[in-house]
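# I need the structure of the sequence given here:
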Amino acid sequence: MANRPNIKITALVDNDVYALLNAQEGYPAVTVGAALRVQNKGGADVYIQEGLASIEVNGGTTIPTNWQACTKADAVGVIATCINDGLINVEVI
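Residues are numbered from 1 along each chain as shown. Just a heads-up that it's a prediction; the model follows:
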């Protein structure tokens with residue numbers, strides 16, 4: 001994965017992946033709509049939804065621990081949700 005630090009995500013809320021990436025100091029800004037590769041670094045399943053808000057906490061693309069998934073290059077937003085606090089790593093592709 002990329003050299004960016006892992007990102008902590010909070011359970012039962014919409015975690016805006018682009019906003020979390022752009023909050024990382026010392027790294028270039030990521031434009032909304034950039035394709036992303038998201039890896040679940042541990043804990044419960046992570047759910048990735050392309051949009052501005054989640055439909056449900058456990059909806060979207062399911063990423064089990066140590067698995068990864070990619071988003072489309074034209075996503076209007078990327079939301080990560082989980083049922084327990086989690087950790088993801090995100091690479092801009």
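# distance from the chain centre to stretch 46-56, please.
9 Å (Cα atoms, centre = their mean, to the nearest Å).
# oh, that last question was meant for stretch 4-24, not what I typed.
6 Å.
# and stretch 7-27, by the same measure?
The answer for stretch 7-27 is 7 Å, by Cα atoms, centre = their mean.
# please apply the same query to stretch 52-71.
With Cα atoms, centre = their mean, you get 8 Å for stretch 52-71.
# just the residues contacting that stretch, thanks.
1, 12, 14, 35-43, 45-50, 76-79, 81-83, 93 (Cβ atoms under 8 Å, 6 or more residues apart in numbering). Just so you know, the C-beta spots here come from the backbone N, C-alpha and C atoms, and that holds for glycine as well.
# helix, strand or coil for the residue lying farthest from the centre of the chain?
Relative to the centre of the chain, the most outlying C-alpha is that of G26, 19.1 Å out, by Cα atoms, centre = their mean. Secondary structure, DSSP: H, G, I helix; E, B strand; the rest coil: G26 is coil.
# got the contact list for it?
Here G26 is in contact with no residue (Cβ under 8 Å, 6+ apart).
# pLDDT score assigned to the residue nearest to V78 when sequence neighbours are not counted?
With Cβ to Cβ, 6 or more residues apart in numbering as the criterion, V78 has its nearest non-adjacent residue at 4.2 Å, and that residue is V17. Looking at V17, its pLDDT is 98.
# likewise N3?
So N3 comes in at 82 (pLDDT).
# pretty sure it is in a helix, no?
No. Counting by three-state DSSP, one finds N3 to be coil, located in no helix.
# could you measure from it over to Q24?
11 Å (Cβ to Cβ, to the nearest Å).
# what sits closest to K8 if chain neighbours are left out?
Nearest residue to K8 in three dimensions, chain neighbours excluded: L87, at 5.9 Å (Cβ to Cβ, 6+ apart).
# name the residues of stretch 69-89 that are buried.
For stretch 69-89, the neighbour count (16 or more other Cβ atoms under 10 Å) marks 69, 71, 75, 77-82, 86-89 as buried.
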